[in-house]
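**Q** Got a sequence here, can you build the structure:
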Amino acid sequence: GDALDRLSRDMNEVEKLDSAVKAADDWHTLPLPMVAGGDIQRMMLYYRHDRGAQDGADNDKPRITRFIFDMSLTRMGAVQLDGLHRPAAKDSKLDLIVRTHAALSPDMQQSMRRAYVRALEQAGHSGEMSFQNRPEQFVKVADSNQRIS
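**A** Residues are numbered from 1 along each chain as shown. Below is the predicted model:
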């Protein structure tokens, strides 16, 4: 019951938060429920589209989308996935930066890169995965009283 109440409150705040965040740099925001350890937690999704593709006269040009997932995991702590999707007729590209406070081992990074590239290839896409592990590298989309890490 408590988890459902929290989820309902979070979803009711979406419109207010989205309006505030859109005003700053055209970011949209969406809190998403995530089940972790038997509890429902909130993961934040921020996204925006390339302005040049929207505002220019070339409306046929595909829109580039940047997105950021902010979440807190039980064992890893704060994690941020920062992606850039560039659609194309033949080979769309999806690059991803994984940010954590603690460095992932080189073996874990290599394993994650291989799995990521395989998954993209199976879907007919390409892309790269990189890693950052310093707190100052985390992207702050909303101001500090709106941001959830």
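
**Q** which intervals of this structure have sub-threshold pLDDT?
**A** For the chain, applying pLDDT under 70 flags the ranges 1-25, 51-61, 142-149.

**Q** how about the helices in it?
**A** 2-23, 51-55, 106-122 (DSSP state H).

**Q** can you count the residues close to residue 106?
**A** 9 (other CB atoms under 10 Å). C-beta here means a position set from N, CA and C on the backbone, and glycine is covered the same way.

**Q** again with residue 49
**A** 14.

**Q** Next: residue 118.
**A** 10.

**Q** just use 18 as the starting number from now, easier for me
**A** From this message on, residue numbering opens at 18, which makes the last subject residue 135.

**Q** Against residue 104, how distant is it?
**A** 20 Å (CB to CB, to the nearest Å).

**Q** Then residue 117?
**A** Residue 117 is 28 Å from residue 104, by CB to CB.

**Q** Much appreciated, bye for now.
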